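# Here you go, sequence then predicted model.
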Amino acid sequence: MSDTQPYAKFSYDAHARTCAPDDFLGQTRRTVQGVAIPEAQIHMILDAIRDGLQLRSDDVLLELACGNGALSVQLFDACRGYLGTDISEYLVSVAKQHFERLPDYRFEMLGGVECVHHEPQPERFTRALCYAGFQYFADSDAKDILMTLHERFTYLERIFIGNLPDRARAADFYTSREASAEELSDPNTALGIWRTREAFAQLARDAGWQADFSVMPQGFHAAHYRYDAVLTRRG
């Protein structure tokens with residue numbers, strides 16, 4: 001396959017609007033071939049997030065690319081405060097309608113860069129999360145977000161970044177065709193940017209974070225081509 005061959009672009013906002021208002025898994029594409037993943041798979045995701053974040057009852061959690069909040073709400077009881085942000089107007093409206101618990105657990109329509117630069121009280125956050133969303137940040141934005149989290153969010157101790165597509169294992173996903181380098185580097189596709197663990201570790205290191213990696217159990221539907229990362233402050 002040539003690097004110049006066309007490939008499909010994707011918008012989560014546009015996709016979500018095609019789903020039923022209460023199809024929370026479909027809206028965020030927690031599906032396999034269009035079928036919602038089983039509840040047991042959701043529990044595996046939540047277990048990985050909880051293990052990675054090590055949430056405490058006095059933590060305040062920041063989530064970037066929160067989607068419709070259907071996953072986020074299941075973490076509310078483990079922390080005392082939460083802010084979820086996403087650029088999708090539709091998904092944030094769903095989150096506000098169904099899952100927001102004011103004043104302590106709320107959602108806002110904000111991009112990741114905008115959020116980290118303009119949050120008025122960054123010191124209140126102790127944990128951060130970005131599940132199945134970080135790959136949609138371009139390299140420059142990803143670096144900016146991680147650096148700003150390190151510099152402005154001074155009490156932030158742990159970041160869980162989950163469900164990242166592994167460039168070294170792209171062939172395990174694209175079994176019927178070869179994806180071009182351009183496609184694998186494009187944040188505007190259905191799967192976003194594919195980064196190797198080494199590339200991600202360097203991105204984190206340049207921003208002041210240490211990255212430790214894990215993979216989901218073999219029973220997880222995407223375990224064969226994705227990984228998770230926990231970031232902690234270096235030195």
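Great, that's in hand. Numbers count the residues shown, from 1 in each chain.

# which ones are touching residue 153?
For residue 153, the contacting residues are 62, 116, 119, 122, 123, 125, 128, by C-beta atoms under 8 Å, 6 or more residues apart in numbering. Every C-beta, even on glycine, is put in place using the N, C-alpha and C of the backbone.

# mind redoing it with 6 Å?
Residue 153 makes contact with 122, 125, according to C-beta atoms under 6 Å, 6 or more residues apart in numbering.

# burial measure for residue 141, as a count.
Summarising burial for residue 141: neighbours were counted as other C-beta atoms under 10 Å, giving 16.

# how about it, phi and psi?
For residue 141, the backbone dihedrals (degrees, to the nearest 10) come out as phi -70, psi -40.

# for the chain, what spans make up the strands?
According to DSSP state E, the chain carries its strands in the segments 31-32, 35-36, 60-64, 81-86, 105-109, 127-131, 158-165, 209-214, 226-233.

# Identify the neighbouring strands of the last one in the sheet and state each direction.
This means strand 226-233. Strands that pair with strand 226-233, judged by DSSP bridges, come out as strand 158-165 (antiparallel), strand 209-214 (antiparallel).

# re earlier: figure out which of the strands of the chain is closest to residue 178.
With respect to residue 178, and counting by C-beta to C-beta, the nearest of the strands of the chain is strand 158-165 at 15.2 Å.

# Averaged pLDDT, the closest one. What do you get?
If you average the pLDDT over strand 158-165, you get 98.

# Identify the residues contacting that strand?
Outside strand 158-165, the residues within contact range by C-beta under 6 Å, 6+ apart are 49, 52-53, 127-132, 134-135, 191, 194, 226-232.
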